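Make a model of this:
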Amino acid sequence: LKLRHIKIGDFLFPSTKEFLHNSSIFRDSQNVLHFPVLFLYEEHRRTDFIRDFSELDDFEVHLRDMFSGDTFCDWDEEKKYKWDHLDIYFIANVVEPIKGRGSGKRKRKIKVRRTTILKKVLEFPEYVVPGIPMFYVVVDGSKFKEEFLKRPMSYFLIFKTT
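Below is the predicted model of the structure:
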């Protein structure tokens, strides 16, 4: 991880630690890293855990598989969660790295293009993985997205996991 400039920090939420009991970061035979990843759908207070997200996968491949538009999650009563209507965000500097120093920059939401590969996000200088990579998924053009973007960073509290 250090060679790839990927920084790992404490877990943002204590419950996310439980996801690692059945999954972990691993390197395949081509030297490609695979990560467990968490998608958060805060509008519905739901999550999706992706056990194996290759660092070379873009976000679109997972969103297409999960939100094809042919079937919908039971919590998506309005049927608005379709892969090509979803925006992805991460929070930069939300936790401090366990080893090394943080960037010293403020916490902020950063939009990720669906065509971006995971590796590019993980190597972003201001991204510290909060235990496992976590991404907020919102519907583009929705009222909730507006609310999400307006939320102060103090809303995204850091919980200690000791």
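
got the residue ranges for the strands in the protein?
7-9, 26-27, 33-41, 46-54, 86-92, 108-112, 128-130, 134-139 (DSSP state E).

could you give the mean pLDDT of the shortest one?
Taken as a whole, strand 26-27 has an average pLDDT of 90.

now the third one
What strand 33-41 shows for mean pLDDT is 94.

now swap in the last one and tell me
In this model, strand 134-139 carries a mean pLDDT of 96.

got the contact list for residue 122?
4, 6, 35, 55, 129, 133 (Cβ atoms under 8 Å, 6 or more residues apart in numbering). C-beta coordinates here come from the backbone N, C-alpha and C atoms, glycine included.

Including mean neighbour count and distance to residue 79, could the strands of the chain go into TSV?
Listed next are these as TSV, based on neighbours: other Cβ atoms under 10 Å; distance: least, Cβ to Cβ, whole Å:
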stretch	mean neighbour count	distance to residue 79
strand 7-9	21	36
strand 26-27	10	36
strand 33-41	20	14
strand 46-54	16	15
strand 86-92	20	13
strand 108-112	15	23
strand 128-130	24	31
strand 134-139	21	11
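
Ok, which of these comes nearest residue 151?
Nearest to residue 151, of all those, is strand 108-112, at 8.4 Å by Cβ to Cβ.

Sheet partners, orientation included, of that closest one?
Here strand 108-112 has these sheet partners by DSSP bridges: strand 86-92 (antiparallel).

what angle sits between the partner strand and strand 134-139?
Strand 86-92 and strand 134-139 are oriented at 150 degrees to each other (axes from the mean of the first three to the mean of the last three Cα atoms, to 10 degrees).

List the contacts of strand 86-92.
59, 63, 67, 103, 105, 107-112, 114, 121, 124, 126-127, 133-140, 145, 148, 153, 156.

that older thread, export the strands of the chain to JSON lines and tack on distance to residue 76?
Formatted as JSON lines, the strands of the chain follow (distance: least, Cβ to Cβ, whole Å):
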{"stretch": "strand 7-9", "distance to residue 76": "31"}
{"stretch": "strand 26-27", "distance to residue 76": "32"}
{"stretch": "strand 33-41", "distance to residue 76": "9"}
{"stretch": "strand 46-54", "distance to residue 76": "9"}
{"stretch": "strand 86-92", "distance to residue 76": "11"}
{"stretch": "strand 108-112", "distance to residue 76": "21"}
{"stretch": "strand 128-130", "distance to residue 76": "26"}
{"stretch": "strand 134-139", "distance to residue 76": "9"}
